[in-house]
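S.K.: show me how the following folds:
(chains A and B)
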Amino acid sequence: MLTATDHETAIETPHVETWQPRIIAFLCNWCSYTGADLAGISRIQWDPSVSIVRVMCSGRMDPTFVVKAYRLGADGVIISGCHPGDCHYQEGNYKALRRVHLLKRLLIGFGIDPERLRLVWVSASEGDQWAETANDMAREIRDLGPLRLPT
Amino acid sequence: MPTTDEARIGVYVCHCGFNIAATVDVEAVRDVAADQPGVVCARDYEFMCSNAGQDLIKRDIEENGVNRVVVAACSPLMHEPTFRAAGEEAGLNPYLVHIANIREQCAWVHDDRIAGTAKAESLVNGAVARVALHEPLEAAHAEVNPTTLVVGGGIAGIQAALDISDAGNEVYIVERQSTIGGMMARFDKTFPTLDCAACILTPKMVAADRRDNIHLLTESEVESVDGFVGNFTVRVREKARFVTADCTSCGECVKVCPVSVPDPFNQYMSNRTAIHKAFPQAIPSDYTIDRQGSPPCMEACPIHQNAAGYVSLIAEGRFAEAANLIRRRNPLPFICGRVCYAPCEEVCSRDEVDEPIAIRALKRFAMDWQRENEPEPVPAPPEHHYAERVAVVGSGPAGLTCAFDLATNGYNVTVFEKHEKLGGMLAVGLPSYRCPPDIVDYDIDYIRKLGVEMKTGTELGRDFTLDDLTNGHSGGDYSAVFLAIGAHEGIPLGIPNDDADGVISGIDYLRNINLGLPQETGTRVAVVGGGNTAMDAARAARREGAEVTVLYRRTKAEMPAEEDEFEDAVAEGVRFEYLVAPVEVLVTDGRVRALDCVTMRLDEPDASGRPRPVPVEGSNHEREFDTVILSISQRPDRGWYGDAEHDVAPLGLSRWGTFEVDPASLQTTMPGVFAGGDDVLGPATVVEAMGQGRRGAEAIDRYLRGRPLEGFTSHMPPADPKRGFEERPYEQSPEYGAIPTAPRAAMPKRPVADRLADYVEVDLGFSEDDARREAQRCLHCGVCAECRACAEVCPPQAVRLDMEDTITTLDVGQILVSTGFKSFDSSRITQYGYGRFDNVVTSLEFERMLNATGPTGGKVLCKNGEPPRAVGIVHCVGSRDEHYNRYCSRVCCMAALKFAHLVIDRTDAEVYQFYIDMRAFGKGYEEFYTRVLEEGSTVIRGKVAEVVPAHRSNGDGPHLVVRCEDTLIGKYREIPVDMVVLCNALEPQVDADEVGRVFSISRSPDGFFLERHPKLDPVGTTTDGVYIAGCSQGPKDIPDTVAQAQASAARILSLIGQGEVTIDPVRATVNEKLCGGCKTCLSLCPYTAITFDDEGEVAVVNEALCKGCGTCVAACPASAITGAGFTDDQILAELAGLLAPVG
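M.R.: The predicted structure is shown next:
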């Protein structure tokens, strides 16, 4: 049923010289996704290694999604929601915050650098902020190098 | 469509002209997509959103059996509805269409074609993997409530409301100000046609007022919004106006209001009264009172004395009214005018400028004036009489206030006083040079006139017991008792020999002097202590001819005595020694000979917050005195218990010997017996005791009338009373630094040499001129002074100072937010001199100056009253400037041209315009520009560098010089002018952030509200059913504002016409088989959409309340909750597709 498993086996260890990071960004529909669109409308360039997955709210973020993303080959994950107090669903972003705090501690246990997960707040008017976030994360992940999960 | 169908996916890659194709190799993307599992066809097209593009999709659905669609194109926020509709037309469930955003989030943000193409391939792969798992969803529908809410009653709000109501729908306008009309109501003329703003606006305001289906809520703000498009529930707070709808706008109130504060409607250039109407044509036309709680001076006063009120009346020379106002709340006004410690002055806002207003001295002035100039006032008899009798024990300030209030209320009151003289501590503790005995008697006589019976020389415990009062043995059957016996027993110092001859407590000493009892005062007197009683005793001892030294164990900074009293004591020759404390009274033949003293030093602060004094070792020294007055503190007299052996105190007492009372009702442990004043508080001030007397009277009234002893209305000052402006952000809060200083009037006093000879009053009181000048220093920081003058003259009695805010809940279908703009604060550009030079004004100030109802009646005048000889008009102040706002404010060029025209029209002045670029973009604007040029306005292209004062050799030159570079001739120029008009930027309202949050509207980087699409949906927002119009969306002129308002009205009417809305089926559902009943989800749902079915022990989602955020889906430990459209499987599949290797 889960198509994800088909791909999991296909992942190869990348060559360091040609390696490009793969970063998954989960953006809430109301603030951050619109903010990323604004970066596009304004033609503010950001790193192509970041790919966006739209969710309705950062509160929808299941920690499984993050772990699965690493498992499927992502080197970093960004979660971005509305600024505190601005959540379209009142307080979903706070719930995301709580989960990320816990998840980061688990990541350490898995041997994954918690810097590979980043929670940010980007509003619909912050196209430049989004571009900066994406670029900054890409830089960070390039510094950290490819994620090698324990087998 | 059955969900088990094998997915047959069609992929459609859009070129979007070059928008996508320039960075993304769309053919490559198409080919990669074609190889993905489940994909049956993949196509690319130049404009997929065109009819031809949509037809490609439809044809594949109809002819090639495509049952899932991926469109790789622009953002789903843009064309998802378009492609879903196309799918639906071809018979596909719209939720089986998915968008891969390869434009905004790929082609437009990457310049590397290889990387861009690879990313687009990933995005499409993710979408393909996701859409394979999509299931058909059915959208729900809900009815649309045709009632509409318009927030902001400017021209945008009014116009939209009129249009919507024209179609027969109800509209509520919520406006924060007291009138609708917004900024346009402040303008004089409008460009380019030069028609009068009021002439075209006021008919619309009146129409909005007259319509039965438009409801105006002014001085109101939206507190919260719940619900969704078509069905919002809005909570509105309507602030108390303090004037009822009975107001006939006759304006009698304005004539008597003594308050004068800068008028925000006139940009603070003129003043208005506290009760006011914003401008003559204001709608609603009722007056309103600018009032936010009581002024701080009144708030800080335990008897809630209307200090600001009588100060304002005195400032106007209305002394008799002031005295009558004082009497409304104060039964001891003469005494308070002399000895009150004036907590009001401690919170006076004037202290921020220089010194507090001399409020106490002004009270004394008003009362003395009334005594000298008016017939003796008689208190109003009570409106009704009660049969019950109340006994008040003690005739100090607490007892007298309680007696006065009860008698006013219609009770029979008897006051018992143990001394022959009435007044308690006022009579025995206050030296007569501060408060002459005839003054105390005068106040008490007024209370006696109410019929209060006074029994002197009758002492509790000696002449009667508490039991006698309540059991009818003492000349009456009292239904309630108020104990106000004070704290008359000096606390001994607790050092050896402190009971020797020649050692006396301060309070006993003062009593003996005041009552003319025998009291020996030696020649060398020590007063131990630093409080007010110590000062009183020291000054009294000086009058008895002694040399007096005050010994205080801390320093001057910690001394609790009032500064005035201290200064008088010093003037009268009292010596002060600090950091010294007696440790033993040295005695010869049982009589004091000297004090053994130690030097102290200050240590860390103790519990009282003051530094703790500690003795310096080995610093003992002997000081010779023949009299020692100990003035440490006092406690209630304990003699009244009677014989402690067999008559224990019948009432609960604290360990300090004060009565144990309920803090709210002041009831003692015995029902019906209340207590207040020093016998509860310990030694306190006159006015604090009076406050307790007042509360006691209210409690006794409640007790006797059988009403609950709670919900008291008599005032209790807050523990930490706040100063004026800081805690009360009134619109007209001035900068304290900008207020010219004026010293506090000094109290005239008798010469020191005369004072020591007798006990005649030292303070002489203000003259009329002194008093008025002093009262005029009041800043009116509380605006309404609660003098009630307006209430007294109002013919329909429409003034109600006890009015409270009301909360209204409105059910509306759609909301228009048209909350307008705020004007840029020009003082931020210091080099332009606004706020520093008199004749540098802002555009709004200039509008008011031009307006016939404005501060100059429509004349263009400099501050000195002369018309200007030359006027400089500066464009782009705070806009098109990266230090402030980068955007163009759009209206300033045309407003500046309008100003130029009006100056030329109304004065003989030359006009210079300083502009960067002249933007005359609208219909008739260019023609208007040409016309103004022809009228003789000079235009100089260049940004103004600075405005400086002119150097005048003969005093007759221009006032100001504008310095700038004329970029057209390439020269630096200095233009002499008399007046400079700054055309300020339009900025978002200060609370746009908060308002945006209430209505779930985002803001663009410039801070204005963000429209759903800058071109295609300029009045919609990302929240369905919430629209924006006018300057809250961005700077614009009146024609554009009205156009947006009408556009919003059309959108609103269109949805009302449809009658129902489609609700996105993105909703959570619980799989009952998997739900373990852990209830984790219940507390997470912000909409309480999840309830628990106790029978089935499972969570249940109410679909009508669920908004689809998915928080519960993520949290469910059993994965029992599914979020339609965003299921775990779909998201994980998208991840897998995205991360699969490509290329």
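S.K.: tell me which residue is most central in chain A.
M.R.: Ranked by distance to the mean C-alpha position of chain A (CA atoms, centre = their mean), the top residue is A:Ile78 at 2.1 Å.
S.K.: how is that one assigned, secondary-structure-wise?
M.R.: Using DSSP: H, G, I helix; E, B strand; the rest coil as the criterion, the local structure at A:Ile78 reads strand.
S.K.: skip the chain neighbours and tell me the closest residue to it.
M.R.: Counting by CB to CB, 6 or more residues apart in numbering or on different chains, the nearest residue to A:Ile78 once its immediate chain neighbours are dropped is A:Ala25, at 4.0 Å. To be clear about C-beta, it is placed using only N, CA and C from the backbone, and glycine gets the same treatment.
S.K.: pass me the low-pLDDT residue ranges in the stretch 851-1000 of chain B, would you?
M.R.: In the predicted model of the stretch 851-1000 of chain B, residues B:952-958 satisfy pLDDT under 70.
S.K.: residues from it in reach of chain A?
M.R.: Residues of the stretch 851-1000 of chain B that fall close to chain A, judged by CB under 8 Å from any CB of the partner chain: B:Arg997, B:Ser1000.
S.K.: quick one on the thing from earlier: so the residue nearest to the centre of chain A makes contact with A:Glu132?
M.R.: No. A:Ile78 sits out of contact with A:Glu132 when judged by CB atoms under 8 Å, with a separation of 11.8 Å.
S.K.: the host helix or strand of the residue nearest to A:Ile78 packs against which elements?
M.R.: Counting by DSSP states H and E, the element that carries A:Ala25 is strand A:23-28. The elements that strand A:23-28 packs onto, with contact taken as 3 or more CB pairs under 8 Å, 6 or more residues apart in numbering or on different chains; DSSP states H and E, are helix A:32-41, strand A:50-55, strand A:76-81, helix A:127-144, helix B:1128-1139.
S.K.: mind redoing it with 7 Å?
M.R.: Contact partners of strand A:23-28 among helices and strands, from 3 or more CB pairs under 7 Å, 6 or more residues apart in numbering or on different chains; DSSP states H and E: strand A:50-55, strand A:76-81, helix A:127-144.
S.K.: find the one among the ones you listed with the highest mean neighbour count.
M.R.: Among these, judged by mean count of other CB atoms under 10 Å in any protein chain shown, the one packed with the most neighbours on average is strand A:76-81 (a mean of 27).
S.K.: how about B:Ala21, nearest residue that isn't a chain neighbour?
M.R.: Leaving aside its sequence neighbours, B:Ala21 is closest to B:His15 (4.0 Å, by CB to CB, 6+ apart).
S.K.: okay, now that neighbour: neighbour count?
M.R.: The burial metric for B:His15, expressed as a neighbour count using other CB atoms under 10 Å in any protein chain shown, is 20.
S.K.: contacts only, for it.
M.R.: With contacts taken as CB atoms under 7 Å, 6 or more residues apart in numbering or on different chains, B:His15 has the following neighbours: B:Ala21, B:Val26, B:Asp44, B:Tyr45, B:Glu46.
S.K.: phi and psi next, for it.
M.R.: phi -80, psi -30 (degrees, to the nearest 10).
S.K.: gap between it and chain A?
M.R.: Note on B:His15: its distance to chain A, by CB to the nearest CB, to the nearest Å, is 16 Å.
S.K.: still on that earlier bit, turn the helices and strands packed on strand A:23-28 into CSV, including distance to B:Phe576 and mean pLDDT.
M.R.: What follows is these, written out as CSV (distance: least, CB to CB, whole Å; pLDDT from 0 to 100):
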stretch, distance to B:Phe576, mean pLDDT
strand A:50-55, 75, 97
strand A:76-81, 66, 97
helix A:127-144, 64, 95
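S.K.: specify the beta-bridge partners of the residue nearest to the centre of chain A.
M.R.: With DSSP bridges applied, the residues forming beta bridges to A:Ile78 are A:Ala25, A:Arg118.
S.K.: wait, doesn't it sit right on A:Leu117?
M.R.: No. Counting by CB atoms under 7 Å, A:Ile78 does not reach A:Leu117; the two are 8.1 Å apart.
S.K.: would you map the helices across the stretch 101-250 of chain B?
M.R.: Ranges of helices within the stretch 101-250 of chain B are B:113-131, B:155-166, B:197-210, based on DSSP state H, counting those that start in this stretch.
S.K.: repeat that for the stretch 801-950 of chain B.
M.R.: Using DSSP H, counting those that start in this stretch, the helices assigned to the stretch 801-950 of chain B run over residues B:843-850, B:892-906, B:925-935.
S.K.: a markdown table for those helices, including mean neighbour count?
M.R.: A markdown table is the format used below for the helices of the stretch 801-950 of chain B (neighbours: other CB atoms under 10 Å in any protein chain shown):
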| stretch | mean neighbour count |
| --- | --- |
| helix B:843-850 | 24 |
| helix B:892-906 | 23 |
| helix B:925-935 | 15 |
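S.K.: in JSON lines, list those along with distance to B:Tyr912.
M.R.: Formatted as JSON lines, the helices of the stretch 801-950 of chain B follow (distance: least, CB to CB, whole Å):
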{"stretch": "helix B:843-850", "distance to B:Tyr912": "15"}
{"stretch": "helix B:892-906", "distance to B:Tyr912": "9"}
{"stretch": "helix B:925-935", "distance to B:Tyr912": "12"}
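S.K.: of all these, which one is nearest B:Leu1082?
M.R.: The minimum distance between B:Leu1082 and these falls on helix B:843-850, with 52.6 Å, by CB to CB.
S.K.: so what does that closest one touch, helix or strand wise?
M.R.: Identification of packing neighbours for helix B:843-850 by 3+ CB pairs under 7 Å, 6+ apart yields helix B:892-906, strand B:979-984.
S.K.: go through the ones you listed and name the closest to B:Glu804.
M.R.: Ranking those by their distance to B:Glu804 (criterion: CB to CB) puts strand B:979-984 first, at 37.2 Å.
S.K.: what helix or strand does A:Ala69 sit in?
M.R.: For A:Ala69, the host element (DSSP H and E) is helix A:63-71.
S.K.: list the buried residues of that helix.
M.R.: Under the neighbour-count criterion of 16 or more other CB atoms under 10 Å in any protein chain shown, helix A:63-71 has A:Pro63, A:Phe65, A:Val66, A:Val67, A:Lys68, A:Ala69, A:Tyr70, A:Arg71 buried.
S.K.: show me which of these neighbour chain B.
M.R.: The residues of the buried residues of helix A:63-71 that also fall near chain B, by CB under 7 Å from any CB of the partner chain, are A:Phe65, A:Lys68, A:Ala69.
S.K.: distance to B:Tyr386 and pLDDT for those - can I get that in CSV?
M.R.: Converted to CSV, those look like this (distance: CB to CB, whole Å; pLDDT from 0 to 100):
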residue, distance to B:Tyr386, pLDDT
A:Phe65, 75, 95
A:Lys68, 80, 95
A:Ala69, 80, 96
